[in-house]
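Q: generate coordinates for the sequence data below:
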Amino acid sequence: MEKTLSVYNATGRRKEAVARVRLIAGKGDIIVNKRPIEKYFIRETDRLLIKQPFQATNTVNKYDCLANIGGGGLSGQAGALRLGIARALLVVDPVYRQILRKGNFLTRDSRMKERKKYGQKGARKRFQWTKR
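A: Here you go, the predicted structure:
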């Protein structure tokens, strides 16, 4: 009898970044855009942020994570990956919902960049006013 390979998919978003996440039973490797997490996310804070859902659910070395991320900057991509991992862990076992909800890993951060307004330099900044 063949052993079936379970793949758990999920999507995470943050700012302009979108992360497509696949969890496969493994030894805890995280691969982002075909590169190891240490090569893709240079900042240690981003790497710690990404690993939080695994630590909260005690699944640190149980799943390999394969992620494709596009859009946004590195900080937004790290947040998107964290949400994607948390959602994929929910697919693995719905019991994790309470733990992930308590850690605030399932909440999508809805803060986006404010649009530039016409007649202004940016979203809030105005052009300099001259009296004469």
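Q: rest of the way, CA atoms for contacts and neighbours
A: OK.
Q: which strands and helices sit next to the host helix or strand of residue 39?
A: In this assignment (DSSP states H and E), residue 39 forms part of helix 37-40. Judged by 3 or more CA pairs under 8 Å, 6 or more residues apart in numbering; DSSP states H and E, helix 37-40 is in contact with strand 30-32.
Q: partner strands of the strand it packs on, parallel or antiparallel?
A: Sheet pairing for strand 30-32, assigned by DSSP bridges, gives strand 35-36 (antiparallel), strand 63-70 (parallel).
Q: make CSV from the ones you listed and add mean neighbour count, mean pLDDT and distance to residue 116 to it.
A: Compiled in CSV, the strands paired with strand 30-32 are given as follows (neighbours: other CA atoms under 10 Å; pLDDT from 0 to 100; distance: least, CA to CA, whole Å):
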stretch, mean neighbour count, mean pLDDT, distance to residue 116
strand 35-36, 13, 95, 35
strand 63-70, 20, 95, 23
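Q: for residue 12, find the nearest of those strands.
A: Residue 12 lies closest, by CA to CA, to one member of those: strand 63-70, at 9.3 Å.
Q: can you dump the C-alpha atoms of that closest one in CSV for me?
A: The C-alpha coordinates for strand 63-70 follow below in CSV (Å, rounded to 0.1, in the frame of the first residue of the first chain):
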residue,chain,number,x,y,z
TYR,A,63,6.5,20.3,8.8
ASP,A,64,8.5,21.6,5.9
CYS,A,65,7.1,24.9,4.5
LEU,A,66,7.3,25.8,0.8
ALA,A,67,6.2,29.3,0.1
ASN,A,68,5.9,31.5,-3.0
ILE,A,69,5.8,35.2,-2.1
GLY,A,70,5.2,38.2,-4.3
